[in-house]
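[1] this one's structure only:
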């Protein structure tokens, strides 16, 4: 299954009141179908993310080197390290491979 490419749409005019109302209705329905996570659902430690961040910081390579070796954007890695964004599992897999880390169970 290939990745779908989306074209960015730029508007050269202001939205009409009807378009604004339609957009608000779409947003309302999306929020209804996919409500935001309740506060506290993701509170607490994130052992996988934290372990990956720690491995990146302690590996002795620059973010640029890790990006080049993994094929992951340097911006994505930097934003992940700063906590601005999360990464997909596929991205985590690529980073883990470059860093030489594997997931093991605790007993």
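    The structure has been received and is ready for your questions. On a predicted model such as this, the values are computed, not experimentally measured, just so you know. Residues are numbered from 1 along each chain as shown.
[2] list the buried residues in the lowest-mean-pLDDT helix or strand in the chain.
    Every helix and strand in the chain was compared by mean pLDDT, DSSP states H and E; the lowest is helix 47-58, with a mean of 90. Residues of helix 47-58 classed as buried by neighbour count (16 or more other CB atoms under 10 Å): 52, 53, 55, 56. C-beta coordinates here come from the backbone N, C-alpha and C atoms, glycine included.
[3] the last one is in contact with residue 95, isn't it?
    Spelled out, that is residue 56. Yes. Between residue 56 and residue 95 there is a contact under CB atoms under 8 Å: 6.9 Å.
[4] what sits in contact with each of the two?
    Both residue 56 and residue 95 are contacted by 66, 77, under the criterion CB atoms under 8 Å, 6 or more residues apart in numbering.
[5] which residues touch the least confident helix or strand of the chain?
    Outside helix 47-58, the residues touching it (CB under 8 Å, 6+ apart) are 63, 66, 77, 80, 81, 86, 92, 95, 96, 99, 101, 103.
[6] max pairwise distance over the buried residues of helix 47-58: which two?
    With CB to CB as the measure, no two of the buried residues of helix 47-58 lie farther apart than 53 and 55, at 7.3 Å.
[7] low-scoring pLDDT stretches of this protein, where are they?
    The chain contains residues with pLDDT under 70 at 1, 37-45, 105-107.
[8] what about the longest helix in it?
    In the chain, ranked by residue count with DSSP state H as the criterion, the top helix is helix 17-33.
[9] give me the contacts around it.
    Applying CB under 8 Å, 6+ apart, the external contacts of helix 17-33 come out as residue 15.
[10] hmm, try it at 10 Å
    Contacts with helix 17-33, where a contact means CB atoms under 10 Å, 6 or more residues apart in numbering, come from 11, 13, 14, 15, 16.
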